[in-house]
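Novice: The amino acid sequence is not available; the structure is as follows:
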(Lines give C-alpha, C1' and ligand atoms only; values in the text may rest on other atoms or scores of the structure.)
Protein backbone atom coordinates (compact mmCIF):
# COMPACT_ATOMS: atom_id res chain seq x y z
CA UNK A 1 0.00 0.00 0.00
CA UNK A 2 2.92 2.33 0.79
CA UNK A 3 4.32 1.55 -2.67
CA UNK A 4 1.02 2.64 -4.24
CA UNK A 5 1.03 5.92 -2.29
CA UNK A 6 4.64 6.64 -3.34
CA UNK A 7 3.70 5.86 -6.95
CA UNK A 8 0.71 8.19 -6.81
CA UNK A 9 2.79 11.02 -5.30
CA UNK A 10 5.50 10.65 -7.96
CA UNK A 11 2.85 10.49 -10.69
CA UNK A 12 1.17 13.68 -9.47
CA UNK A 13 4.54 15.50 -9.41
CA UNK A 14 5.23 14.38 -12.96
CA UNK A 15 1.77 15.26 -14.29
CA UNK A 16 1.41 18.59 -12.46
CA UNK A 17 4.38 19.89 -14.39
CA UNK A 18 2.33 19.33 -17.56
CA UNK A 19 -0.37 21.65 -18.87
CA UNK A 20 -3.21 19.36 -17.82
CA UNK A 21 -6.22 20.91 -16.12
CA UNK A 22 -7.35 19.65 -12.71
CA UNK A 23 -10.15 17.46 -14.12
CA UNK A 24 -7.89 15.85 -16.72
CA UNK A 25 -5.18 15.39 -14.10
CA UNK A 26 -7.61 13.46 -11.89
CA UNK A 27 -8.75 11.28 -14.83
CA UNK A 28 -5.21 10.44 -15.87
CA UNK A 29 -4.08 9.79 -12.32
CA UNK A 30 -7.01 7.50 -11.48
CA UNK A 31 -6.55 5.44 -14.66
CA UNK A 32 -2.84 4.94 -14.03
CA UNK A 33 -3.28 4.18 -10.33
CA UNK A 34 -5.94 1.62 -11.33
CA UNK A 35 -3.41 -0.11 -13.57
CA UNK A 36 -0.91 -0.17 -10.72
CA UNK A 37 -3.58 -1.64 -8.40
CA UNK A 38 -4.27 -4.36 -11.00
CA UNK A 39 -0.63 -5.41 -10.67
CA UNK A 40 0.98 -3.85 -13.74
CA UNK A 41 4.63 -2.83 -13.31
CA UNK A 42 4.76 0.79 -14.44
CA UNK A 43 8.05 1.73 -16.13
CA UNK A 44 7.20 5.21 -17.36
CA UNK A 45 4.53 7.74 -18.19
CA UNK A 46 4.73 10.06 -21.17
CA UNK A 47 2.32 12.90 -21.95
CA UNK A 48 1.63 12.74 -25.68
CA UNK A 49 -0.55 15.84 -25.85
CA UNK A 50 -3.22 17.49 -23.72
CA UNK A 51 -5.72 14.72 -24.37
CA UNK A 52 -3.66 11.53 -24.26
CA UNK A 53 -1.09 9.80 -22.08
CA UNK A 54 1.22 6.90 -23.00
CA UNK A 55 2.06 4.41 -20.27
CA UNK A 56 5.00 1.97 -20.45
CA UNK A 57 4.76 -1.26 -18.48
CA UNK A 58 6.24 -4.75 -18.68
CA UNK A 59 5.67 -8.41 -17.83
CA UNK A 60 5.34 -11.63 -19.79
CA UNK A 61 1.58 -11.61 -19.29
CA UNK A 62 -0.70 -8.97 -17.83
CA UNK A 63 -1.40 -9.71 -14.15
CA UNK A 64 -4.55 -11.63 -13.15
CA UNK A 65 -7.51 -9.42 -13.97
CA UNK A 66 -5.37 -7.36 -16.34
CA UNK A 67 -7.17 -8.42 -19.50
CA UNK A 68 -10.53 -7.55 -17.90
CA UNK A 69 -9.21 -4.12 -16.96
CA UNK A 70 -7.92 -3.56 -20.51
CA UNK A 71 -11.26 -4.66 -21.97
CA UNK A 72 -13.23 -2.32 -19.65
CA UNK A 73 -11.00 0.63 -20.56
CA UNK A 74 -11.47 -0.10 -24.28
CA UNK A 75 -15.24 -0.44 -23.89
CA UNK A 76 -15.37 2.87 -22.02
CA UNK A 77 -13.44 4.52 -24.87
CA UNK A 78 -10.55 5.53 -22.60
CA UNK A 79 -7.93 3.18 -24.04
CA UNK A 80 -7.02 4.39 -27.51
CA UNK A 81 -4.21 1.94 -28.25
CA UNK A 82 -2.60 -1.11 -26.63
CA UNK A 83 0.60 -2.72 -27.94
CA UNK A 84 2.91 -5.48 -26.73
CA UNK A 85 6.54 -5.86 -27.77
CA UNK A 86 8.20 -9.25 -27.03
CA UNK A 87 11.76 -9.08 -25.67
CA UNK A 88 14.31 -11.89 -25.93
CA UNK A 89 16.17 -13.45 -28.86
CA UNK A 90 15.72 -17.20 -28.51
CA UNK A 91 13.08 -17.38 -25.84
CA UNK A 92 10.58 -14.91 -24.48
CA UNK A 93 12.10 -13.08 -21.52
CA UNK A 94 9.66 -10.24 -21.09
CA UNK A 95 7.01 -8.24 -22.91
CA UNK A 96 6.93 -4.45 -22.90
CA UNK A 97 3.39 -3.08 -23.11
CA UNK A 98 2.39 0.37 -24.20
CA UNK A 99 -1.03 1.81 -23.39
CA UNK A 100 -2.33 5.05 -24.86
CA UNK A 101 -5.20 6.56 -22.89
CA UNK A 102 -7.34 9.34 -24.29
CA UNK A 103 -9.18 11.79 -22.04
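Specialist: Arrived safely, thanks for sending. The structure presented is a predicted model; accordingly, all values stated were derived computationally and were not measured.

Novice: Surely residue 4 is in a helix?
Specialist: Yes - assessed with DSSP: H, G, I helix; E, B strand; the rest coil, residue 4 lies in a helix.

Novice: pretty sure it contacts residue 36?
Specialist: Yes - counting by C-beta atoms under 8 Å, residue 4 touches residue 36, with 6.1 Å between them. (Each C-beta comes from the backbone N, C-alpha and C, glycine too.)

Novice: Looking at these two, which is more packed in?
Specialist: residue 36 (17 against 11; other C-beta atoms under 10 Å).

Novice: Quick one: residues contacting that one.
Specialist: 4, 7, 42 (C-beta atoms under 8 Å, 6 or more residues apart in numbering).

Novice: The same query, at a cut-off of 10 Å, please.
Specialist: Contacts for residue 36 were tallied using C-beta atoms under 10 Å, 6 or more residues apart in numbering; they are 3-4, 7-8, 11, 42, 55, 57.

Novice: partners of the residue nearest the centre of the chain in the sheet?
Specialist: The residue lying closest to the centre of the chain (C-alpha atoms, centre = their mean) is residue 55, at 4.0 Å. On the basis of DSSP bridges, residue 55 is bridged to residue 45, residue 99.

Novice: Tell me the first helix or strand C-terminal of the lowest-mean-pLDDT helix or strand in the chain.
Specialist: Averaged element by element with mean pLDDT, DSSP states H and E, the chain has its least confident helix or strand at helix 2-16 (a mean of 75). Next along the chain after helix 2-16, taking DSSP states H and E as the criterion, comes helix 22-37.

Novice: Relative to residue 10, how far out is residue 63?
Specialist: Distance of residue 63 to residue 10, given as C-beta to C-beta, to the nearest Å: 20 Å.

Novice: Between the two, tell me which one has more neighbours.
Specialist: The neighbour comparison of residue 63 against residue 10 (other C-beta under 10 Å) goes to residue 63, with 15 against 12.

Novice: Fine, thanks again, bye for now.
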